[in-house]
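Undergrad: one predicted model, sequence on top.
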Amino acid sequence: MAEWVTFAFLIAGVGFFAAGSIGLLRLPDLHSRLHALTKADNLGLGLLVVGLALLDGGLVTGIKLFLIWLLVMAASAASSYLIAQQAMRRGSR
Amino acid sequence: METVLWNLLDLALAGLLLGLGWAAVASPDLKRGVILFIAFGLLLAITWARLRAPDLALAEAAIGAGISGALLLLALRDDPSSEAGDGIATGPVAWMTALLTLMLAGLFGWALLTALANPGPERLAGQVAAHLADSGVTNPVTAVLLNFRAYDTLLELAVLLAALLGIFALGPARPGFKEGGPVLDGLIRWLVPLLVVTGGYLLWVGAHAPGGAFQAGALLAAAAILLRLGGREGGGFPGPVLQRWVLAGGVGVFLLVGLAVTVVGLDFLEYPRAWSGVIILLIESFATLAIAATLALAYIGGRPSGWDASSTGRTTERQEQS
């Protein structure tokens, strides 16, 4: 039972990554692409982290994975903001 | 079933590596090429991790993908003629490059094949494992880098220093970036202390697990580059005088330790066994700072502003003479 829950999390996480990647390739402009990437990747990575933490079972590993998730979210939020800001400046010029 | 899955994954990884490598080299757009190269570096790091070489994976991710990528991107920023297609050799130059590359690839392939075909009487890994207890550390990679083959590492640090002096000779540093907005500033406030702590951890943990001076130095350099990207001109560096000491300290402390042991009658760089753990940590600490300073100053791409100040006396003299 626990295994199934773990794999459900992992597969859902991979699904979000796939959706984000498809969004990056298919969406028409920069802002919607950023939207697809950040939302999908943050949630996808979160689901992967939960799945991997369950797979490992250890508390310390779980905390480490959680911290990695926080770090990636902060970095990706900031970098997508910077990309969007730069695009806006270029557009308004 | 599980091995088949892993094999499939490894095959996909190898295929992606080849594809990305080709795409990075063949891309007519230099910027695209650089970004593909960074992706290639990250994938190569995963490959090293799959080959159970986490030390190499860390170094590849930090130096190969991170710092080299940043250097290449910066070089693109400087190049005024970085139009699409520029910088790609054509005609005889392209043919010669292709021929030389093929010859080099053939040489490497031949070396790899001979190494695989003739395992030889004793592989080096076995020798390292047999003498690991004498090295003062339990991480075999650190034992090789800082003890068994310390001479190589010393020369590597000297090469880094020489490369930086070459960069300094190119002229004064370029102007830094404009100050980043509150979001980048906030990220830097969070990330830089984290990078410093992680760098210190990697340095310390190198004695018994993957880590060491090069990885730690690359992280510290990344912190400095981040500071500079966020508009802090100094990049978190100390003053120019201390900078010189830090830069020279990597090779200097290594050499001093190597020479000091000869006083007690040991060979150059032969550590007394009881002290080797401490000595390695000492050398690595100074090497970390020197590597960090070297990489970050290489990113700045010239003599930082403070460096010329001390030589202004000479410059004005020269001007007066002329």
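TA: All right, it came through fine.

Undergrad: give me the number of residues near B:G180?
TA: By other CB atoms under 10 Å in any protein chain shown, 19 other residues sit near B:G180. (Glycine included, C-beta is placed from N, CA and C.)

Undergrad: that one touches B:I188, doesn't it?
TA: Yes: when contacts are counted by CB atoms under 8 Å, B:G180 is listed as touching B:I188 (7.3 Å).

Undergrad: shared neighbours, these two?
TA: Overlap of the contact sets of B:G180 and B:I188 (by CB atoms under 8 Å, 6 or more residues apart in numbering or on different chains) consists of B:G230.

Undergrad: kindly export stretch B:126-138 (C-alpha atoms) in CSV.
TA: The C-alpha trace of stretch B:126-138 is given here as CSV (Å, rounded to 0.1, in the frame of the first residue of the first chain):
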residue,chain,number,x,y,z
GLY,B,126,43.9,-1.1,-5.5
GLN,B,127,47.1,0.7,-4.5
VAL,B,128,45.2,3.6,-3.2
ALA,B,129,42.9,1.4,-1.2
ALA,B,130,45.8,-0.5,0.2
HIS,B,131,47.6,2.7,1.5
LEU,B,132,44.5,4.7,2.4
ALA,B,133,45.1,4.2,6.1
ASP,B,134,48.5,6.0,5.8
SER,B,135,47.1,9.1,4.1
GLY,B,136,45.4,10.8,7.1
VAL,B,137,42.0,10.9,5.4
THR,B,138,39.5,8.3,4.6
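
Undergrad: quick check: buried residues in that stretch?
TA: Within stretch B:126-138, the residues that count as buried by 16 or more other CB atoms under 10 Å in any protein chain shown are B:V128, B:L132, B:S135, B:G136, B:V137.

Undergrad: what's in contact with it?
TA: Identification of contacts with stretch B:126-138 by CB under 8 Å, 6+ apart yields B:140, B:142-144, B:146-148, B:206-208, B:271, B:273, B:275-280.

Undergrad: same thing but 7 Å
TA: B:P140, B:A143, B:V144, B:N147, B:F148, B:A207, B:H208, B:Y271, B:R273, B:S276, B:G277, B:I280 (CB atoms under 7 Å, 6 or more residues apart in numbering or on different chains).

Undergrad: out of those, which is nearest to B:W245?
TA: Relative to B:W245, the closest of the contacts of stretch B:126-138 is B:I280; by CB to CB it sits at 21.2 Å.

Undergrad: the closest residue to B:V205 other than its chain neighbours and chain A, how far apart?
TA: Excluding the flanking residues, the one nearest B:V205 by CB to CB, 6 or more residues apart in numbering or on different chains is B:G211, at 4.2 Å. As for B:G211, its distance to chain A is 15 Å (criterion: CB to the nearest CB, to the nearest Å).

Undergrad: and B:G211, what element?
TA: For B:G211, there is no enclosing helix or strand under DSSP states H and E.

Undergrad: pull the number of nearby residues for it.
TA: When neighbours are counted by other CB under 10 Å, B:G211 registers 25.

Undergrad: am I right that it is in contact with B:T198?
TA: No: assessed by CB atoms under 7 Å, B:G211 is found out of contact with B:T198, at 9.8 Å.

Undergrad: ok and the residue in the stretch 51-200 of chain B nearest chain A?
TA: Going by CB to the nearest CB, chain A is nearest to B:L187 of the stretch 51-200 of chain B, at 4.1 Å.

Undergrad: if you could redo that for the stretch 201-322 of chain B, that was the one I meant.
TA: Counting by CB to the nearest CB, the stretch 201-322 of chain B gets nearest chain A through B:L229, at 9.9 Å.

Undergrad: count of neighbours near the closest residue in space to that residue that isn't next to it in sequence?
TA: Sequence neighbours aside, B:F177 is the residue nearest to B:L229 in space, at 5.6 Å (criterion: CB to CB, 6+ apart). Counted with other CB under 10 Å, residues neighbouring B:F177 total 14.

Undergrad: same thing with B:K178?
TA: 8.

Undergrad: likewise for B:A223?
TA: Counted by other CB under 10 Å, the residues lying close to B:A223 total 23.

Undergrad: quick check: it vs B:A296, distance?
TA: Separation of B:A223 from B:A296 (CB to CB, to the nearest Å) stands at 8 Å.

Undergrad: same deal with B:L13?
TA: For B:L13, the distance to B:A296 - CB to CB - is 31 Å.

Undergrad: so which of those two has more stuff around it?
TA: Between B:L13 and B:A296, counting by other CB under 10 Å, B:A296 is the more crowded of the two (27 against 15).

Undergrad: ok, that one to B:V253 distance?
TA: Look at B:A296 and B:V253: by CB to CB, they are 19 Å apart.

Undergrad: now B:V261
TA: Going from B:V261 to B:V253 by CB to CB gives 13 Å.

Undergrad: where does chain A have low pLDDT?
TA: Residues of chain A that meet the criterion pLDDT under 70 lie in A:92-93.

Undergrad: can you identify the helix in chain A that spans the most residues?
TA: helix A:59-92 (DSSP state H).

Undergrad: so how far is that one from its chain's centroid?
TA: Computed by CA atoms, centre = their mean, to the nearest Å, the separation of helix A:59-92 from the middle of its chain amounts to 9 Å.
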